[in-house]
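coords please:
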Amino acid sequence: MQWLNLEDNINLLSLIGAFAIVILTVTIVGRYVNKMKDKSEATAPLSEHEWDGIQEYKNDPPLGWAVSFVLALVWAIWYFLAGYPLNSYSQIGEYNEEVKEYNAKFAKEHAKLDQSTLVDMGSSIFLVSCSPCHGIIGDGMQNKAANLKTWGSEEGIYEAIVNGSKGLGFDGGEMPKASDLGLNEESAKAIAAYVAKNISGIKATKNEALVQKGEELYSGTCTACHGDDSKGMDGVFPDLTTYGTSDFVTMVLNRGKNGDIGVMPKFNENMLNKIQKRAVGEYILSLSRSK
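Here you go, the predicted structure:
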């Protein structure tokens with residue numbers, strides 16, 4: 001790194017600014033330190049406030065300080081609007097542009113992937129981005145994180161009803177446990193059966209006989225948050241009609257999720273693009289299908 005590279009405009013600008021600040025500081029501070037030593041210039045009235053017998057003079061702000069302050073403001077505004085960084089090279093901006101170009105190229109090359117390829121891609125991404133918390137097989141490492149082997153299944157719905165949910169980055173907050181809503185295990189199974197069969201993307205249930213009872217319980221308990229159409233409220237509660245599909249997993253990746261060991265971050269476009277999120281979703285769903 002060349003500290004005195006005067007051919008670099010940004011470096012030159014920084015050196016000029018630093019030099020000016022040093023000169024102004026030494027000059028102004030030196031002048032007013034000398035004034036403090038000379039009592040003959042203390043002609044201003046004393047402040048009415050007193051601390052341990054010490055009072056301050058009611059002096060106007062020093063002209064040099066005031067002028068320097070105004071010049072510093074002018075410099076800062078010019079530097080921000082016309083100097084650097086808005087009108088110059090930005091490493092962050094270059095990175096963001098590269099990510100956009102890469103995602104566009106990636107989307108074009110992988111526009112038509114079959115299910116097997118998506119699952120394989122999702123498996124690789126999962127091992128890098130998700131396994132540190134959820135474990136390499138997605139079991140949540142002894143409940144330290146969510147057990148993804150039941151996600152997208154009727155069992156997963158049942159577990160969410162019984163244990164509640166800490167939230168998916170929605171403003172509505174946590175979903176209470178079944179016991180807090182006055183529901184027993186049988187009621188939770190019935191609601192899970194109804195959601196799995198008639199609402200979610202699963203479209204099947206292991207407890208067909210409980211579907212009708214589940215519908216009644218769901219209407220009286222769950223629609224208050226998820227709505228009569230079960231699509232939730234935008235930004236407040238999640239859409240249950242996408243549960244059991246990769247769209248639901250993508251929604252979680254986009255919003256993040258509160259958990260027992262912390263908060264799962266949002267995976268924005270600079271971390272995972274749309275195809276990669278869908279691939280992760282398909283892989284996670286494959287975990288429950290393989291049980």
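
burial measure for Glu282, as a count.
Around Glu282 there are 23 other residues, counting by other CB atoms under 10 Å. The C-beta positions use only the backbone N, C-alpha and C, and glycine is treated the same way.

Ile28 now?
16.

now Pro176
13.

roughly how far out does the helix or strand where Leu287 lies sit from the chain middle?
Remark: Leu287 resides in helix 274-289, with elements defined by DSSP states H and E. Put simply, helix 274-289 sits 21 Å off its chain's centre (CA atoms, centre = their mean, to the nearest Å).

now stretch 228-238
Distance, centroid of stretch 228-238 to centroid of chain: 21 Å (CA atoms, centre = their mean).

model confidence over that stretch, on average?
Average pLDDT, stretch 228-238: 83.

Which positions in it come out as buried?
Judged by neighbour count (16 or more other CB atoms under 10 Å), stretch 228-238 contains these buried residues: 230, 232, 237-238.

per-residue confidence for the residue lying closest to Tyr32 once chain neighbours are set aside?
Excluding the flanking residues, the one nearest Tyr32 by CB to CB, 6 or more residues apart in numbering is Pro62, at 6.2 Å. Pro62 is assigned 73 on the pLDDT scale.

tally of neighbours for Glu48?
Considering only other CB under 10 Å, Glu48 is surrounded by 8 other residues.

show me what contacts it?
Contact analysis of Glu48 by CB atoms under 8 Å, 6 or more residues apart in numbering lists nothing.

do you know how far it is from Ile261?
58 Å (CB to CB, to the nearest Å).

Torsion angles phi and psi at Phe237?
Reported as degrees, to the nearest 10, the phi and psi values for Phe237 are phi -140, psi 150.

ugh, wrong one, I meant Val263
Torsion angles, degrees, to the nearest 10, at Val263: phi -110, psi 130.

For stretch 67-76, buried residues please.
Buried, per 16+ other CB under 10 Å, within stretch 67-76: Ser68.

how about Val249, what does it touch?
Contacts of Val249 (CB under 8 Å, 6+ apart): 151-152, 277, 280-281, 284-285.

from what I can see the residue nearest to Tyr32 touches Val33, true?
No - the pair formed by Pro62 and Val33 falls short of the contact definition of CB atoms under 8 Å, at 11.8 Å.

for the chain, what spans make up the strands?
257-259, 262-264 (DSSP state E).

Would you list the strands that the first one pairs with, along with their directions?
Right, strand 257-259. strand 262-264 (antiparallel) (DSSP bridges).

Which residues belonging to the partner strand are considered buried?
Met264.

Thank you, goodbye.
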